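Engineer: Give me a model of this one.
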Amino acid sequence: MPLDVAALRSAYPSLSSGIAHFDGPGGTQTPRVVGEAILAAMTGPTSIRGTSTASERNSEATVQAFRAAYADFLGVPPEGVVHGRSATQLTYDFARHLSASWGPGDEVVVSRLDHDANIRPWVQAAEAVGATVNWIELDPATGELDLESAAAAITDRTRLVAVTAASNLLGTQPPVAAIADRAHAVGALVWVDAVHFAAHELVDRVALGADFVVCSPYKFAGPHCGVLGADPELLESIRPAKLLPSTDVVPERFEFGTLPYEQLAGATAAVDFLAAIAPGDATARREALVASFAAVHEHETALRVALEERLARMPGLTVRSRAARRTPTLYVTIEGRSMRELAAHLATRDVLAPAGHFYAIEAWRAMGLDDDTTGLRIGLAPYTDQTDVDRLVAGVEEFIAA
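Structural biologist: This next block holds a predicted model:
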């Protein structure tokens, strides 16, 4: 089923502003139905969860609907879905939980491709207990992970491997399953950051080989929060520090304090919205998500390929996103020109494409960039259309000619 981009765009009130948004990797625009779900949860009868009144039942139903939605979205059981304030917060929390059993002689593996939220929590947790940190290196020429360094980094002392499913800077989709196979062969756990990936590809925790997978709904039409998916049996084996009277039931033992019901309602609405984009004949939500993501992928890829061809013809411009498999995210530099100035120039034309390292500081440094030579990130989203792309290209051409 092809993507009806005009109909999709009409679901986003903010797009009436006239801004051409290429900042999706930092957070997408929000559909009307998501805002309505948040409003309904906040203004309808609500209270602490229970069964005796409508307000209690509403809150309980909101939590269960959230777990069911992200079970479908991540390919995990509902009991394996954990809510967090952000993916960063969840990673820090679980780095603390898991590292409680680490010590000198143990090793943790991180990658130069990742957002710092999937590097620093593990590095700091390892340092705190005297464990060793090994690195999977990045080939700056291709934007790919160096798999030889991955093989060397993962040893029989490795306790955990943290790797991204897609780079928020370059769009690179590394071979996560192959890395996970190597990690599992030595008994290590695998933590996969799917924050950028989940905005463009439907997550399948088992296919990725992830023991834990995290995403952020605000990257794909939802509110600002984080979600973790894992096997409930694995979560049962982890004992977090918690308040004495709080529940010890999985997954709620990892959710500290009262859950934000309005946020859960919005996050659920985002999954339902994505499933309804181009469901075809699907009747189950997971099947509808598969079909809808296929339509989105076709649309975004076509735009990305055509855009990349146009940019590559511009004098002095280098597209640094070169991996064989990648999301519709391009990172570009122009020889002798400031990309921050380009971003400012585009903004005067209501085209939003920011410049910077976007917290992928290890990848940014590996490419030899700094504040003066940083790149411009161009992120396509399902609602990006040809007019947006034409406006972006015209703005870049104007900047180069000036």
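Engineer: Name the residues that touch the helix or strand that contains Ala126?
Structural biologist: Using DSSP states H and E, Ala126 falls within helix 120-129. Residues outside helix 120-129 that contact it (Cβ atoms under 8 Å, 6 or more residues apart in numbering) are 88, 91-92, 95-96, 98-99, 102-104, 106-108, 110, 131-133, 160, 162, 191. (Glycine included, C-beta is placed from N, CA and C.)
Engineer: Derive a PyMOL selection command for the buried subset of those.
Structural biologist: Burial among the contacts of helix 120-129 is assessed by 16 or more other Cβ atoms under 10 Å; the matching PyMOL selection reads:
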select buried, resi 88+91+92+95+98+99+102+106+107+108+110+131+132+133+160+162+191
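Engineer: C-alpha coordinates for the helix or strand containing Leu392, PDB please?
Structural biologist: Taking DSSP H and E as the criterion, Leu392 maps to helix 386-401. Extracted C-alpha coordinates of helix 386-401, given in PDB (Å, rounded to 0.1, in the frame of the first residue of the first chain):
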ATOM      1  CA  GLN A 386       9.100  16.800  -2.500                       C
ATOM      2  CA  THR A 387       8.300  20.400  -1.900                       C
ATOM      3  CA  ASP A 388      10.300  20.300   1.300                       C
ATOM      4  CA  VAL A 389      13.200  18.700  -0.400                       C
ATOM      5  CA  ASP A 390      13.100  21.300  -3.300                       C
ATOM      6  CA  ARG A 391      13.100  24.100  -0.700                       C
ATOM      7  CA  LEU A 392      16.100  22.600   1.100                       C
ATOM      8  CA  VAL A 393      18.100  22.100  -2.200                       C
ATOM      9  CA  ALA A 394      17.300  25.700  -3.300                       C
ATOM     10  CA  GLY A 395      18.500  27.000   0.000                       C
ATOM     11  CA  VAL A 396      21.800  25.100  -0.100                       C
ATOM     12  CA  GLU A 397      22.400  26.200  -3.700                       C
ATOM     13  CA  GLU A 398      21.900  29.800  -2.700                       C
ATOM     14  CA  PHE A 399      24.300  29.500   0.200                       C
ATOM     15  CA  ILE A 400      27.000  28.000  -2.000                       C
ATOM     16  CA  ALA A 401      26.600  30.600  -4.600                       C
END
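Engineer: burial measure for the closest residue to His200 other than its chain neighbours, as a count.
Structural biologist: Closest residue in space to His200, ignoring its immediate chain neighbours: Thr327 at 4.4 Å, by Cβ to Cβ, 6 or more residues apart in numbering. A count of nearby residues for Thr327, using other Cβ atoms under 10 Å, gives 28.
Engineer: thinking Thr327 is in contact with Leu169, fair?
Structural biologist: No: look at Thr327 against Leu169 with Cβ atoms under 8 Å: they stay out of range, at 10.7 Å.
Engineer: where do the helices sit along the stretch 101-250 of the chain?
Structural biologist: Along the stretch 101-250 of the chain, the segments classed as helices by DSSP state H, counting those that start in this stretch run 120-129, 147-153, 176-185, 205-208, 232-236.
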